[in-house]
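structure for this input, please:
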Amino acid sequence: MTQQTVEPAAFERARLPEVARRMSETGSRFLDSLNPDQRARASFSADHWERLLWHYAPFALRGLPIKAMDDEQRQLAYEMISTGMSASGTDKTRAIMDHEAILNDLESTAGTLAFDRDPGLYYLRVFGDPAGGDPWSWSVNGHHVYLGFTVVDGGLISSTPNFLGANPAEVLSGPQKGLRILGECEDIARELLNGLDRGQRSQAIVSEMAPLDIMTTNGPQIVDGPGSILPPEGLPAGKMNKGQQELLLKLVNQYVGRLSDDLAKQMMDKLMAGGIDRLLFAWAGGSERGQGHYFRLHRLEGGSFIMEHDNVQNDANHVHSVLRDADADYGTDILRHHYEQHHLGS
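Residues are numbered from 1 along each chain as shown. Presented below is the predicted three-dimensional model:
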């Protein structure tokens, strides 16, 4: 895994105390609203191994599901989501949760229902004490949603991994016909690909066949370099013209913009500080709408940034997308800084 050396002053500049305060206050209010049984289901120790465990398949998970909350608690859970996600990111998250009802109808009609498709099966987990001074984290996880945030020293915040998916990617029938929750991301990426010249396109397209899923899956650690799950393939942004680079940044903003404004700005500032020239745009599969395809943007040195999008399953109508940072996922960098500053040698 790439590990960048970060000067202590950079951590101080990265502090977002107001965001951390909102998360801590909302997390505390949420926990205080729970009865003892609910609180036991929602609460974990700060260093619990399940902090690194998540999945985007429709599996039963530990934590407190939304369906086990009353109306007030459910509203606090949604408020918790909005402390880390933008208005559009929150809307997408809730739309994906509601999408389970559509999928339930589709699979019931087709006779293929194999899982409990329930908009209430999204689990909130709190690791540590939001009201204390020690590092803590929280997550929301369920089918096609994983939001994970780590808060350290009252202002340092990790906001990845961040996963959203949709099945169907486009609703083909019924009252919601035409709904494409994550469709704009796909449209921008296809516009970027189709705007490349022949030489650029030959470098951007790394395979005629798209993988069945995002390559990083739900792994807690990302390994980079030749022969790894994320080989250094694709077209560097430095080989794009100004218009193409603007479209590339528009695509980046589709993903980073899912985060709350302050967190999104922080991630974009980090990306731009390292320069975008070595940011690689890679595409696999068909280039026409309706064809199975995969694309990613990543830069694993000079400030880690990873964005993946896959639409292959269910006749290319099933999207998985993720935003990650190999250096900062699960608060790896800020927790290391915390322990170096406060615990080593003590």
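
show me the strands in the stretch 1-150 of the chain, by range?
Using DSSP state E, counting those that start in this stretch, the strands of the stretch 1-150 of the chain run over 43-44, 64-65, 122-127, 136-142, 145-152.

and the fourth one, which strands flank it?
In the sheet, strand 136-142 lines up against strand 122-127 (antiparallel), strand 145-152 (antiparallel) (DSSP bridges).

got the buried residues for stretch 89-99?
89, 90, 92, 93, 94, 96, 97, 99 (16 or more other C-beta atoms under 10 Å). In this view, the C-beta of every residue, glycine as well, is placed from N, C-alpha and C.

restricted to helices, list these.
89, 90, 92, 93, 94, 96, 97, 99 (DSSP state H).

any low-confidence regions in this protein?
Across the chain, residues meeting the criterion (pLDDT under 70) sit at 1-9, 223-228, 302, 342-346.

helices of the stretch 151-300 of the chain, residue ranges please.
Per DSSP state H, counting those that start in this stretch, the stretch 151-300 of the chain carries helices over the ranges 183-194, 198-204, 242-256, 261-273.

so which of these is nearest residue 311?
With respect to residue 311, and counting by C-beta to C-beta, the nearest of those is helix 183-194 at 6.6 Å.

closest to residue 263 out of the buried residues of stretch 89-99?
Closest to residue 263, out of all of the buried residues of stretch 89-99 and judged by C-beta to C-beta, is residue 89, at 9.7 Å.

what's near enough to touch the closest residue to that closest one other than its chain neighbours?
Closest residue in space to residue 89, ignoring its immediate chain neighbours: residue 258 at 3.5 Å, by C-beta to C-beta, 6 or more residues apart in numbering. Neighbouring residues of residue 258 by C-beta atoms under 8 Å, 6 or more residues apart in numbering: 85, 86, 88, 89, 92, 162, 164, 264, 323.

circling back: got a markdown table for the strands paired with strand 136-142, with mean neighbour count and distance to residue 341 too?
Shown next, in a markdown table, are the strands paired with strand 136-142 (neighbours: other C-beta atoms under 10 Å; distance: least, C-beta to C-beta, whole Å):
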| stretch | mean neighbour count | distance to residue 341 |
| --- | --- | --- |
| strand 122-127 | 24 | 21 |
| strand 145-152 | 25 | 10 |
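
TSV for the ones you listed, including distance to residue 49?
Output for those, formatted as TSV (distance: least, C-beta to C-beta, whole Å):
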stretch	distance to residue 49
strand 122-127	10
strand 145-152	14
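
relative to residue 23, which of the ones you listed is closest?
When these are compared by C-beta to C-beta, strand 145-152 sits nearest residue 23, at 5.7 Å.

how many residues are close by residue 10?
14 (other C-beta atoms under 10 Å).

try residue 161
Each residue near residue 161 was counted by other C-beta under 10 Å, and the total is 25.

what about residue 144, neighbour count?
Using other C-beta under 10 Å, residue 144 has 25 neighbouring residues.

tell me how far it lies from residue 335.
27 Å (C-beta to C-beta, to the nearest Å).

ok, now which ones touch residue 283?
For residue 283, the contact set (C-beta under 8 Å, 6+ apart) comprises 189, 193, 204, 205, 206, 234, 293, 294, 295.

phi, psi for residue 309 please.
phi -150, psi 130 (degrees, to the nearest 10).
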